[in-house]
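1. Turn this into a model:
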Amino acid sequence: MSLKYVMEIYELMDDIQVTGEKVKQYLEKISSNGDIEVHTIEGEKGKTDFISVKIPGKSGAFSGGEAPTLGIIGRLGGIGARPEMIGFVSDGDGALASMSIAAKLLDMSNKGDQLDGDVILTTHICPDAPTQPHDPVPFMGSPVGIQTMNQYEVTAEMDGILSIDTTKGNQIINHRGFAITPTIKEGYILKVSDDLLHIYTQSVGKLPVTMPVTTQDITPYGNNVYHINSILQPAVSTDKPVVGVAITTETAVAGCGTGASRVVEIEEVVRYCIEVAKFYGQSKCNFYDEKEFQHLETLYGKMTQLQTLGEEKEVTSK
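-> Next up, the predicted model:
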């Protein structure tokens with residue numbers, strides 16, 4: 001039952017004194033089967049603890065096998081916005097979900113249910129992140145920049161990535177639960193994975209919900225264009241396929257809002273990602289069609305320029 005871990009980690013994280021080390025200690029009490037690292041990084045606006053949990057699979061790369069490795073990133077600005085806001089903020093759902101997945105996978109491995117492929121889970125723990133203006137509701141800021149986040153949360157071992165992020169501060173997704181994005185790879189917005197849609201229907205028991213994505217959303221922060229949020233920022237730092245798992249609401253909810261985290265819906269995300277991890281490690285879940293992607297590049301060339309900050313070019317009118 002994943003709900004147990006969502007509730008326990010929520011209580012652990014809803015604390016002004018929480019650290020990455022405390023999360024590590026909690027996970028290590030469940031099992032010693034994972035490799036857990038914590039790195040404290042100082043930024044211009046404070047500090048945060050990046051945490052990485054590597055859980056080996058039966059046939060994964062960690063043990064010399066060939067099963068693909070799934071990366072699961074909890075993307076956020078912070079789990080708290082103290083002293084401006086009191087308590088766990090909506091933006092913290094990504095960290096809560098990713099570490100709950102880690103806890104459940106560690107528990108499963110204790111019981112003999114080891115996955116085929118390795119799973120790497122990363123996020124960061126910051127109980128006092130800053131906020132920043134954003135339309136229609138305020139964004140959560142972060143003590144460190146996106147490049148630093150990608151440096152510690154996106155690893156070369158990841159063959160495919162699920163990026164979990166609270167995506168409530170908008171008027172685009174009007175659904176309470178979660179939605180998945182099209183697959184993003186090297187500047188291309190590809191079709192939504194049929195395999196990921198099928199797993200959604202099986203784990204949630206409802207028709208799948210998808211999130212629209214624009215070209216702006218898959219470009220790096222810092223280029224002065226609109227981004228719905230940081231859910232697809234991992235895609236600017238890797239050539240591997242990235243899919244966003246967006247935790248959503250019917251109304252626009254600020255990332256710095258408190259009392260907005262619904263553990264039952266976060267638990268749905270946890271179960272969904274675990275099911276994806278099972279099939280992905282068995283090479284039974286494709287994030288994209290490799291042949292079609294190669295055909296796209298043959299027809300239209302590389303789109304990797306969209307993974308960069310770009311270059312200002314003067315446009316002349318005719």
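2. Centre of the chain to stretch 6-15, how far?
-> Offset of stretch 6-15 from its chain centre (CA atoms, centre = their mean, to the nearest Å): 18 Å.
3. got a list of contacts for that stretch?
-> With contacts defined as CB atoms under 8 Å, 6 or more residues apart in numbering, stretch 6-15 is touched by 18, 22-23, 26, 79, 87-88, 92, 95-97, 99-100, 103, 125, 127, 261, 263, 266-267, 270. (Glycine included, C-beta is placed from N, CA and C.)
4. Could you rerun that using 10 Å?
-> 18, 22-23, 25-27, 30, 79-80, 87-89, 92-93, 95-104, 125, 127, 258, 261, 263-270 (CB atoms under 10 Å, 6 or more residues apart in numbering).
5. where does the residue nearest to the spatial centre of the chain land in three-state SS?
-> When CA atoms, centre = their mean is applied to the chain, the residue found nearest the centroid is Ser163 (2.3 Å). Under DSSP: H, G, I helix; E, B strand; the rest coil, Ser163 falls in the strand class.
6. Would you map the helices across the chain?
-> Secondary structure of the chain (DSSP state H): helices at 2-13, 20-30, 93-110, 146-153, 194-204, 263-281, 290-300.
7. Could you list the paired strands of the one helix or strand in the chain whose mean pLDDT sits lowest along with their orientation?
-> Lowest on mean pLDDT, DSSP states H and E among the helices and strands of the chain sits strand 139-140, with a mean of 77. Sheet pairing for strand 139-140, assigned by DSSP bridges, gives strand 131-132 (antiparallel).
8. mean confidence score for stretch 119-130?
-> Averaged over stretch 119-130, pLDDT sits at 96.
9. let me redo that: stretch 161-170
-> 95.
10. what's the span of that stretch, first residue to last?
-> Stretch 161-170 has its terminal residues 23 Å apart, counting by CA to CA, to the nearest Å.
11. Could you point out which residue ranges in the stretch 201-318 of the chain have low pLDDT?
-> By pLDDT under 70, the low-scoring segments of the stretch 201-318 of the chain are 314-318.
12. Would you state the strands of it in chain order?
-> 242-248 (DSSP state E, counting those that start in this stretch).
13. and for the least confident helix or strand of the chain, what are the contacting residues?
-> With CB under 10 Å, 6+ apart as the test, strand 139-140 has contacts from 76-81, 85, 89-92, 126, 129-134, 166, 169, 227, 229-230, 254-257.
14. Quick check on the residues you listed: which are buried?
-> By neighbour count, with 16 or more other CB atoms under 10 Å, the contacts of strand 139-140 hold 76-81, 85, 89-92, 126, 129-131, 134, 166, 169, 227, 229-230, 254-257 as buried.
15. For stretch 247-256, C-alpha coordinates in PDB please.
-> C-alpha atoms of stretch 247-256 as PDB (Å, rounded to 0.1, in the frame of the first residue of the first chain):
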ATOM      1  CA  ILE A 247      -0.200  16.800 -10.500                       C
ATOM      2  CA  THR A 248      -3.200  18.900 -11.400                       C
ATOM      3  CA  THR A 249      -6.300  20.600 -10.100                       C
ATOM      4  CA  GLU A 250      -9.600  22.000 -11.500                       C
ATOM      5  CA  THR A 251      -8.700  25.600 -10.400                       C
ATOM      6  CA  ALA A 252      -5.500  27.600 -10.500                       C
ATOM      7  CA  VAL A 253      -3.700  26.900  -7.200                       C
ATOM      8  CA  ALA A 254      -0.500  28.800  -6.400                       C
ATOM      9  CA  GLY A 255       2.700  26.700  -5.900                       C
ATOM     10  CA  CYS A 256       3.300  28.500  -2.700                       C
END
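16. number of nearby residues for Ala156?
-> Look at Ala156: counted by other CB atoms under 10 Å, it has 9 neighbours.
17. you'd agree it is up against Asn150?
-> No. Contact criterion CB atoms under 10 Å: Ala156 and Asn150 do not qualify, at 11.9 Å.
18. hey, what's in contact with both of the two?
-> Residues within reach of Ala156 and of Asn150 at once, by CB under 10 Å, 6+ apart, are Thr238.
19. Grab the nearest non-local neighbour of Val242.
-> Ala235 (4.0 Å; CB to CB, 6 or more residues apart in numbering).
20. gap between the one you found and Thr304?
-> Note on Ala235: its distance to Thr304, by CB to CB, to the nearest Å, is 11 Å.
21. Which residues are in contact with each of these two?
-> 185-188.
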